[in-house]
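Peer 1: Show me the folded form of this:
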Amino acid sequence: MKRLICMILPALCLLSMTACGKGTSEEMGTVPTAVQTTAPVTEAAAETTEPAGPQLLERPENGKICVGFLPTEAGSWRYAVIEDQKAALAAYEKAAGSIYSDEWWIKGDRTRGLMVVAEGEYWDFVESGELVYALGRVKAEDAADLYALCAATAAEAGWKEAVRPDQLTGIVCATLRQGDKTATLADEATLEKLESLLSSGTFELGGTGCPFTAMLDLELETGEMLTVALATDSCGVWMSEGYYYSYGTDGQVLFDLFGVTFPFGKMEMQ
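Peer 2: Next up, the predicted model:
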């Protein structure tokens, strides 16, 4: 019996190796030979899965402290519940109790594209680190704990650094897309016109109410790929992660470069 088993095992190994390596064997023109030594049998390691990140919501959850941000691809605000609600509540109460001025918006303020929603109130973080609300302002040091929680939660949910106008140079290819429709631009002279429009964008304080339903994928000469959202009404505005930039009074100027027209939110490819 032992002799019979010894004869069968190598044959089974040969069949198994031939089947698993069929594609490789045919390509290389060789036939694998059976290995005469038996490799130690090890159990497959249990699969590990990364913990799911915060769920993106279309509106903040009642009774929870949430962070809000505006993903470029979403085109509208999204929200996520901060996991450590106890820490979030403590940080929020510290900030809300530290209002030092009733001048909630100061000339030159630029939002970070990040807000906190608590008790039905919406607060914006500005680039100085301060927290602003219709009733007043909170200093950066008093808002730091809350910002850290909000930024960490938003980053886990997909929030990223916004694209700036000065980054939009050296464009070698541009693809405009909306739904399943796309139009690609690779002509050097036309790309220069596109680059001039985008890179000269001026910051729009307070944002706009435009629908941002068209995406513009840009490949730079460095190999970097960037995406911005375009307003699809009549405004010449592009947006990235809650930052808005105006490139002209008429958005059709940019869409003309792609041979595309759009009647207030519904882009039509010619």
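Peer 1: Find the centremost residue of the chain, please.
Peer 2: The centre of the chain sits closest to G158, judged by CA atoms, centre = their mean, with a distance of 4.9 Å.
Peer 1: low pLDDT regions in the stretch 151-270 of the chain?
Peer 2: 206, 263-266, 269-270 (pLDDT under 70).
Peer 1: in what helix or strand does the residue nearest to the centre of the chain lie?
Peer 2: Using DSSP states H and E, G158 maps to neither a helix nor a strand.
Peer 1: and it, how far is that from P211?
Peer 2: Note on G158: its distance to P211, by CB to CB, to the nearest Å, is 21 Å. In short, each C-beta sits where N, CA and C put it, glycine included.
Peer 1: cool, and E156?
Peer 2: Using CB to CB, E156 is found at 27 Å from P211.
Peer 1: Check whether the residue nearest to I65 when sequence neighbours are not counted sits in a helix, strand or coil.
Peer 2: Nearest residue to I65, sequence neighbours excluded (CB to CB, 6 or more residues apart in numbering): A88, at 4.1 Å. Three-state call for A88 (DSSP: H, G, I helix; E, B strand; the rest coil): helix.
Peer 1: isn't A88 right next to L146, touching?
Peer 2: Yes: using CB atoms under 8 Å, A88 is in contact with L146, at 7.3 Å.
Peer 1: what about the two, which has more around it?
Peer 2: L146 (28 against 23; other CB atoms under 10 Å).
Peer 1: Assumed the more buried one was part of a helix.
Peer 2: Yes: looking at L146 with three-state DSSP, it is inside a helix.
Peer 1: who touches it in this structure?
Peer 2: By CB atoms under 8 Å, 6 or more residues apart in numbering, the contact set of L146 is A88, A91, Y92, K94, A95, V116, L131.
Peer 1: For the stretch 101-250 of the chain, which segments count as helices?
Peer 2: Assigned by DSSP state H, counting those that start in this stretch, the stretch 101-250 of the chain shows helices spanning 140-156, 188-199.
Peer 1: most tightly surrounded among those?
Peer 2: The highest average neighbour count among the helices of the stretch 101-250 of the chain, using mean count of other CB atoms under 10 Å, belongs to helix 140-156 at a mean of 19.
Peer 1: Keeping just the C-alphas, turn it into PDB.
Peer 2: Taking C-alpha atoms only, helix 140-156 is exported to PDB below (Å, rounded to 0.1, in the frame of the first residue of the first chain):
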ATOM      1  CA  ALA A 140      -7.800  79.300  15.900                       C
ATOM      2  CA  GLU A 141      -6.400  78.000  19.200                       C
ATOM      3  CA  ASP A 142      -9.900  77.500  20.500                       C
ATOM      4  CA  ALA A 143     -11.000  75.800  17.400                       C
ATOM      5  CA  ALA A 144      -7.900  73.600  16.900                       C
ATOM      6  CA  ASP A 145      -9.300  70.500  18.600                       C
ATOM      7  CA  LEU A 146     -12.500  70.600  16.600                       C
ATOM      8  CA  TYR A 147     -10.700  71.200  13.400                       C
ATOM      9  CA  ALA A 148      -8.400  68.200  14.000                       C
ATOM     10  CA  LEU A 149     -11.400  65.900  14.400                       C
ATOM     11  CA  CYS A 150     -13.200  67.300  11.400                       C
ATOM     12  CA  ALA A 151     -10.200  67.200   9.200                       C
ATOM     13  CA  ALA A 152      -9.300  63.600  10.100                       C
ATOM     14  CA  THR A 153     -12.900  62.400   9.600                       C
ATOM     15  CA  ALA A 154     -13.200  64.200   6.200                       C
ATOM     16  CA  ALA A 155      -9.800  62.900   5.000                       C
ATOM     17  CA  GLU A 156     -10.900  59.300   5.800                       C
END
